[in-house]
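1. just a sequence and a predicted model for now, questions to come.
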Amino acid sequence: MNTHQKKTVSYGSEGQQFAHLYTPTHANNTPVVIVVHGGYWKDNHSLETYATRAIVDYLQTFEVAIWNVEYRRMNTEGENINAPWPTTFKDVADAIDYLRHIQHSESLDLRRVLIIGHSAGGHLATWAASREGIAADSELYYNDPLKIQRVVTIAGILDLVSVNDIDQPEQIYRLMGGTPDSHPDRYLACNPSRLCHPQMVLTVVHGGRDTCVNVSQVAQFCEQTRARVRQIMLPTADHFSMLPHNGHWVETQWQQIQQLIAEEIVALG
């Protein structure tokens, strides 16, 4: 295993506006892998407790820098007063763009960036790589967002409007502060299915037995997206079985995820 140094870096003044940066010892001009954890955008998991922790550990076997992002999330129950729209989105955007501030001091090559997310993190990862498509009059518009070359979304929520494919559609309404009918502009600015651009290289991984995000949503997204998309279906996988988590996972599925990540890192060059 490569030796990585870990540090906590704040990208804002709030307590949850930080990321863990892992850099390989003695590396220069290092490609970056951004990791975004899920949890239905709720504050019931963190970057340390969510299943994407296994991805962070595995990435440390490669000569890459790892940017494991934390962000403000919704109250677990009740009204979303901790992270009302657009808090979560702005935090993820700011965390990613902050890499420019540490690019030279940490010897990062921001021409080679891969982002990986699971579930709600898969939504945020795909959205973050799509930000150049956000309208200029949106609160989420950034003049020059960091370009992300490659995206891997695992069990991701890719269409915020197709709520019938989600087992907890109310979480989308809480995140967005309303429905697509009440806030159409918000949904246009936050929905990967509307924002993905032709230059994006996107790998979509999903389980055929996922009861949290139905595979039908993913199939529809892959048919309609403008991105260069590779769809990987694991017929016997559910929402979490692909990642080591709470002692329950399927080793062969995790091995497939590991192989995919290794291929993506090679593709970064």
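-> Right, received. Where do you want to start? Numbers count the residues shown, from 1 in each chain.
2. and the pLDDT at residue 69?
-> Looking at residue 69, its pLDDT reads 98.
3. okay, now the unreliable bits of this structure?
-> Residue ranges of the chain with pLDDT under 70: 1-2.
4. tell me, what residue is most central in it?
-> residue 125 (2.7 Å; Cα atoms, centre = their mean).
5. run through who's touching whichever strand or helix holds that one.
-> According to DSSP states H and E, residue 125 maps onto helix 120-128. Helix 120-128 is contacted by residues 34-41, 50, 52, 71, 88-89, 92-93, 96, 115-117, 145, 148, 151-158, 160, 190-192, 195-196, 202 when judged by Cβ atoms under 8 Å, 6 or more residues apart in numbering. Placement of C-beta: from N, CA and C, glycine included.
6. buried sites along stretch 96-109?
-> For stretch 96-109, a neighbour-count test (16 or more other Cβ atoms under 10 Å) marks 96, 97, 98, 99, 102, 106, 108, 109 as buried.
7. again, but for stretch 26-44
-> 27, 30-43.
8. what about that stretch, start to end distance?
-> End-to-end distance for stretch 26-44: 36 Å, by Cα to Cα, to the nearest Å.
9. and if you look at stretch 81-100?
-> Where stretch 81-100 begins and where it ends lie 30 Å apart, using Cα to Cα.
10. equivalent analysis for stretch 28-43, please.
-> End to end - Cα to Cα - stretch 28-43 spans 35 Å.
11. measure how far that stretch is from the centre of its chain, please.
-> Averaging C-alpha positions (Cα atoms, centre = their mean, to the nearest Å) puts stretch 28-43 6 Å from its chain's average.
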